[in-house]
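Engineer: Any chance you could fold what I've pasted below:
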Amino acid sequence: MYIRWMQKNSLLLLFLFCSILKIFSQSAVKILFDARKAETAGNADWIVDADQWNLLWNPNATLAAANNEANAQRFPTPAQSLITASTPETFWTGSLSNWGIDCVKKGYQVETLPYNVPLTYGSSSNPQDLSNYKVYIVDEPNILFTAVEKIAMMQFIQNGGGLFLISDHTISDRNGDGNDSPVIWNDFISNNSILNNGLGFNFDLMNISQTSTNVITAPTDSILNGPAGNVMQVKWSNGTTMSLIPSQNPSVKGVIYTNGSTHGNTNVMCAYARVGAGKVAAIGDSSPPDDGTGDPNDVLYNGYTLDAAGNHQKLLMNITIWLALGGSSTTNIPELTVAPTRLFPNPSSGLFNINLNSSSQIIVTNIMGEELLNLFLTSGKQNIDLQNAAKGLYFLRIIQDKKKEVIKLIKE
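Structural biologist: Predicted structure coming up:
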């Protein structure tokens, strides 16, 4: 009887199984590491894994014979489903393999954007469209982003994505096109046609080497005191710094500075900010992610777990987790979803109605992260008044019992 039931319902069971797999795939947090911008040129190997070493960057990618630069594929191999708590970083072959494997151990899915896959946002024809990922990591790009790529990246951030910008020192051009990572990142920040100079920082054209313990005191900051541990120091091995510009983005925050510097807007080694519904984080050296193994043709160093007494691993994973969760920058507000709320009309001419199932903190920000409203409202039907605000896109954050929901508001 059981066998007959299985035969009769086999198609139904298959459908249910496939549906569960699809739901799991859609709900899993995906981390995308870039490999399009000459991250393997010269003596760099800033990728999670590669099965072939047949690229030349001169200055763009061309296929060549074996024993050249790493050609990272979309999915690392062996499969990440085989990774356990004890899996070593040599399971994959790339100098960011330790970081990637740490992400998998955290429960994330890891992919690489290969050199020949377009960088898009909102394209249904591209299976690696940025809309399919929560975090996009670009470690020392050596090719300028095109106008179309900049738009895709900014749309990704504004719609809730997390971008990790990693730079290197000035005059560090690895593929001979005349552009190095500080110049490339500053071009993206200041010339993207969506939100110019909206991140609140830019990279200095500097070359510094030091171990810094100049970390701000912020016990609830997720970057410094997050799930991966407490960050006490960093080591830059020919890196650069950043300058903060709060007038461009009031949410920008520096958390690590060069030794002897005040905690102001200059000499910043690590910073982060909100942009729209998303987040950005940045560091000024590509040495900390390097785990010392990868392309056999490159000379690599272990900055990930060896330098700075292992603090780089904590810093990079805390940043990754913070970007992946979205929302708050402090550990005392978990990034969870509250019970459903109802908001109408949306779009609106400025007056929004919302039904709250419990007392809530209401925060409305613009795409620059600037607060327009910060209210405490009781349960029931309430009004959100943006009649005096300019037309455009806003973000409504609802905090209930340390849980958070974000809703996009459109004022027409």
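
Engineer: Could you measure from the closest residue in space to residue 97 that isn't next to it in sequence over to residue 316?
Structural biologist: Leaving aside its sequence neighbours, residue 97 sits nearest to residue 89 (C-beta to C-beta, 6 or more residues apart in numbering; 4.9 Å). Where C-beta positions appear, they are placed from N, C-alpha and C, glycine not excepted. Noted for residue 89: a distance of 13 Å to residue 316, by C-beta to C-beta, to the nearest Å.

Engineer: and what of residue 86?
Structural biologist: From residue 86 to residue 316 the distance is 20 Å (C-beta to C-beta).

Engineer: cool, residue 52 as well?
Structural biologist: When distances are taken as C-beta to C-beta, residue 52 and residue 316 turn out to be 26 Å apart.

Engineer: picking up where we left off before, compare residue 86 and residue 316 (neighbour count), which wins?
Structural biologist: Comparing residue 86 with residue 316 by other C-beta atoms under 10 Å, the one with more neighbours is residue 316, at 26 against 6.

Engineer: Run through the residues that contact that one.
Structural biologist: 99, 288-289, 304 (C-beta atoms under 8 Å, 6 or more residues apart in numbering).

Engineer: Mind pulling the model confidence for it?
Structural biologist: With respect to pLDDT, residue 316 scores 98.

Engineer: Can you give the domain ranges for the protein?
Structural biologist: Here the domain assignment for the chain is 29-325, 342-411, based on automatic domain parsing.

Engineer: weakest of the ones you listed by average pLDDT?
Structural biologist: domain 342-411 (a mean of 85).

Engineer: Quick one: end-to-end distance for that one.
Structural biologist: When the termini of domain 342-411 are compared using C-alpha to C-alpha, to the nearest Å, they are 17 Å apart.

Engineer: How about the contacts made by residue 374?
Structural biologist: Applying C-beta under 8 Å, 6+ apart, one finds that residue 374 lies in contact with 361-364.

Engineer: Repeat the analysis, applying 6 Å as the threshold.
Structural biologist: Residue 374 makes contact with residue 363, according to C-beta atoms under 6 Å, 6 or more residues apart in numbering.

Engineer: tell me the SS of it?
Structural biologist: Secondary structure state of residue 374, per DSSP: H, G, I helix; E, B strand; the rest coil, is strand.

Engineer: Just grab the bridge partners of it for me.
Structural biologist: When bridges are taken as DSSP bridges, the partners of residue 374 come out as residue 363.

Engineer: Tell me how far it lies from residue 397.
Structural biologist: Per C-beta to C-beta, residue 374 is found 9 Å from residue 397.

Engineer: Ok, residue 256 next?
Structural biologist: Shown here: residue 256 relative to residue 397, a distance of 27 Å by C-beta to C-beta.

Engineer: Let me know the distance separating residue 295 from residue 380.
Structural biologist: 61 Å.

Engineer: Surely residue 61 is in contact with residue 69?
Structural biologist: No: here residue 61 lies out of contact with residue 69, judged by C-beta atoms under 6 Å, at a distance of 8.4 Å.

Engineer: more neighbours, these two?
Structural biologist: Looking at residue 61 and residue 69 with other C-beta under 10 Å, you find the greater number of neighbours at residue 69, namely 28 against 22.

Engineer: can you pull the contacts of the more buried one?
Structural biologist: For residue 69, the residues meeting the contact criterion (C-beta under 6 Å, 6+ apart) are 40, 55.

Engineer: now the one 5 residues further on
Structural biologist: Under the criterion of C-beta under 6 Å, 6+ apart, the neighbours of residue 74 are 111-112, 114.

Engineer: can you pick the most crowded of the residues you listed?
Structural biologist: residue 112 (27 neighbours).

Engineer: Could you tell me how many residues sit around the spatially closest residue to that one that is not a sequence neighbour?
Structural biologist: The shortest distance from residue 112 to any residue that is not its chain neighbour, by C-beta to C-beta, 6+ apart, is 4.5 Å, and that residue is residue 72. By the criterion of other C-beta under 10 Å, residue 72 has 29 neighbours.

Engineer: can you count the residues close to the residue nearest to residue 48 when sequence neighbours are not counted?
Structural biologist: Spatially, and ignoring its direct neighbours in sequence, residue 48 is nearest to residue 100 (3.6 Å; C-beta to C-beta, 6+ apart). As a burial measure, the neighbour count of residue 100 was computed by other C-beta under 10 Å and equals 28.

Engineer: now do residue 284
Structural biologist: One way to gauge burial is a neighbour count; for residue 284, by other C-beta under 10 Å, it gives 29.

Engineer: Give the full set of residues in contact with it.
Structural biologist: Residues in contact with residue 284, defined by C-beta under 6 Å, 6+ apart, are 167, 239-242, 269.

Engineer: how near is the residue nearest to residue 43 when sequence neighbours are not counted to residue 42?
Structural biologist: In space, residue 43 comes closest to residue 298 once its chain neighbours are excluded; the distance is 5.0 Å by C-beta to C-beta, 6+ apart. Residue 298 sits 8 Å away from residue 42 when distances are taken as C-beta to C-beta.
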